[in-house]
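Chemist: Got a predicted structure here, sequence first:
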Amino acid sequence: MRFGFDDDQVAFRDAVRELLEKECPPAAVRAAWEAPPGELDRTVWDRLTEMGVLATLAPAEADGLGLDERSLVLVLEEAGRAALPHPLVDTAAVAAPLLAGTPSGEGPGPAGVPDAHGIGMVATDLGGPYVACAADADWLLLRDPATGALHLVDPATVVLRPVDTVDGARRAAAVDWQPAPESLVTDDPAAIELARDRGAFGAAAVLVGLAQRMLDMTVAYVSERRQFGVPVGSFQAVKHRLADALKELAFARPAVHRAAHSLATGAETRSRDVAMAKAMASDAARFVGRQALQCHGAIGYTVEHDLHLYLKRTWALAAAWGDAAWHRERVARALGV
Amino acid sequence: MDLTWTDEEEAFRAEARAWLEENLAAWYDEHGGPENIRSGDTREGFAQHLTWERRLHEGRWAAVSWPAAYGGRDASLWEWLIFEEEYYRAGAPPRITQNGIFLLAPTVFEFGNEAQRAHVLPRMAAAEDLWCQGWSEPDAGSDLAGITSRATRVEGGWRLDGQKTWTTRGAFCTHLFGLFRTDPEAERHRGLSYLLVPLDLDGVTVRGFGRLDGDEGFAEVFFDGAFLPDDAIPGGVLLGEEGEGWRVAMATTGSERGLTLRSPGRFLATAHRLVELYRERPAPRLRERLVDAWMRAEAYRLFTLETVTRLAGGAVMGPESSINKIWWSELDCDLHEIALELLGPDAELEGRWSKGWQFALSGPIYAGTNEIQRNIAAERVLGLPRR
């Protein structure tokens, strides 16, 4: 029994954290709100690609890192901490391991798809009807609504209908497309279910990172902001809100880490564990966000302050990949109630 | 990261499970069936539970994590967690010895001399000496450093004056571990000493009184110039240095809040029983709350596994134990509250759930109120400014 991370996993996380602090500051998130469809800046994405992050879950034979979700989970938390606009969950958590079994031109996958390492940017509608970064992606992983089968589709062949979402950096669109036999990746229900579990797990990890960022920002703010001659963080009313925020986050995080373990080891309880992780992470991140906004006061209720960048991503991801109530329903069925 | 148990740990679990099953049945038989066992926080029930404690001791299950020399079995923290899971899974009774074993003993291991350890620990494990905690006073609850009970140096010992209260099972225990002001000039946290006090001294009066749940689980302890001889305990009655009582006492609060007082096994067992209750009396409007509470119990288990992993790697329990205490105490209330709603009109009746509910309500109050824990978490974990 050992419920912790090894030195390599921590070093991997630290490297990504360092990169994102430099290349994905709040200004980069704001830029993602403003950039026209298809023109999302790829500087940080290219660096993540070079580091092998996108292919973390792809086997070494497919030019991946050959690691599992226990290595990816901390990296996804960092993506949340930075509110990285790019579809890292779709690409690294969902598409890379799914497509790793379909090497270019040989396997059952669509012809002309590069191997996992060169997959580029993938956006998917597996987590819900609105595809984040749909116009920016190199490939779209789409679910045939009639059969549930997954297809890998060239964005040039689809019609995108951009939608306004609370988080402008999601850059979301609905996709009109036609399934074709040559774009089929898999119609195996177990593989599709696994892909969805990986996505829900990934979103849960990102939510943990977002919550951590909002908590850190709030602690810094209330320690500096003075009213009545003292920092507002010295008031119990503020302390108790943030102690509760810390508590909710601290107990959601191990649920997400356990989901990583269950995915990595193919545990029988995998789907239940992922559902628990997504439910708890969604609730915890939204709770932390509420406390963060309240403790920032009016300054947090502006778009000039950075808090809203993380708050709105939290709202979007809490609703995507199955919201908390939807996942609690899955846990209920697993418990037989 | 590896969430599997070793073969040795599984064997330990199997041994604990088999022993508990056999001995619980035997203990019930001894008292004419489980329906005759009264709460351990009543005089009659305490005596019944003593026979259970002695059974645990004979099986060397009373304090599994202690060294064998003191009556334990040198169990790792992992094995301790396993034992606790099995203990509550089996439905074994609350430990009337827990304040000694889980609160005093860690302090004796850390601050006691060898003579104190050799005397206090084996007798504690054997439930020969029964220890209660003498910290709170009528005017010093959350503000523990405000205690005024005094211990005055006299020839051959100490003279004790003052009053302790909310002392759990104090009316049935034989000994008290307490904080006394030994330097009346010193303020607050300074000038306190940690003393080991037999309760049969002349000048000590113990009065039990009813808790919210009706049991005589509380006591107030009056010291009227009682003479506490230095040799009342082999190795001395002073635990740690004179005047260092605050530091010595705080060493136990980490384990009290953080790990040992309320292990996950207890709440997992309650959550499991709650799921069973729901299956018997389904109420769709409560289903999401049920699932949420079950997940919170499971999250507590996972959080504890992370904590023990860190402790096994050499870390020490820090102020993060405060959020732990808030979590399990609120979880216990939620689990019982849902049960009462499932029971509907039957929630009014005295029974396991209503009794458990009343006890759960004490969780956010004892071992440092949850308001105090939130202050600690905010100031010492998050680093927010003190006033």
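Modeler: Perfect, I can see it now.

Chemist: By average pLDDT, which secondary structure element in chain A comes out worst?
Modeler: For chain A, the helix or strand with the lowest mean confidence is helix A:96-99, at a mean of 89 (criterion: mean pLDDT, DSSP states H and E).

Chemist: Identify the residues contacting that helix?
Modeler: Contacts to helix A:96-99, defined as CB atoms under 8 Å, 6 or more residues apart in numbering or on different chains, come from residues A:54-58, A:64, A:109, A:113, A:116, A:119, A:141, A:150, A:152, A:185-186, A:191, A:195, A:198. Heads up, the C-betas are built off the backbone N, CA and C, glycines and all.

Chemist: Not counting the helix or strand just after it itself, show me its contacts.
Modeler: Once the chain leaves helix A:96-99, the next helix or strand it forms, by DSSP states H and E, is strand A:122-124. Contacts with strand A:122-124, where a contact means CB under 8 Å, 6+ apart, come from A:87, A:90-91, A:94-95, A:131-134, A:136-143, A:152, A:199.

Chemist: quick one: the helix or strand that contains B:E22 to chain centroid distance?
Modeler: Secondary-structure element containing B:E22, defined by DSSP H and E: helix B:7-30. When C-alpha coordinates are averaged (CA atoms, centre = their mean, to the nearest Å), helix B:7-30 and its chain have centres 22 Å apart.

Chemist: ok, the top strand by length along chain B: who's next to it in the sheet?
Modeler: Under DSSP state E, the strand in chain B containing the largest number of residues is strand B:218-229. Strand B:218-229 pairs in its sheet with strand B:157-164 (antiparallel), strand B:204-209 (antiparallel), by DSSP bridges.

Chemist: what does it rub up against?
Modeler: Contact with strand B:218-229 is made by B:132, B:134, B:138, B:149, B:151, B:154, B:156-171, B:176, B:195, B:197-199, B:201-211, B:237, as judged by CB under 8 Å, 6+ apart.

Chemist: how about it: buried residues?
Modeler: By neighbour count with 16 or more other CB atoms under 10 Å in any protein chain shown, strand B:218-229 contains the buried residues B:F218, B:A219, B:E220, B:V221, B:F222, B:F223, B:A226, B:F227, B:L228.

Chemist: and those residues as a markdown table, adding pLDDT?
Modeler: Below are the buried residues of strand B:218-229 laid out as a markdown table (pLDDT from 0 to 100):
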| residue | pLDDT |
| --- | --- |
| B:F218 | 94 |
| B:A219 | 97 |
| B:E220 | 97 |
| B:V221 | 98 |
| B:F222 | 98 |
| B:F223 | 98 |
| B:A226 | 98 |
| B:F227 | 98 |
| B:L228 | 98 |
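
Chemist: list the contacts for B:L130?
Modeler: For B:L130, counting by CB under 8 Å, 6+ apart, the contacting residues are B:L50, B:I96, B:T97, B:G100, B:R169, B:F172, B:C173, B:T174, B:H175.

Chemist: for A:C133, helix, strand, or coil?
Modeler: Following DSSP: H, G, I helix; E, B strand; the rest coil, the label given to A:C133 is coil.

Chemist: residues touching it, list them.
Modeler: Contacts of A:C133 were listed using CB under 8 Å, 6+ apart, and they are A:L40, A:P85, A:H86, A:P87, A:D90, A:M121, A:A123, A:R170, A:R171, A:A172.
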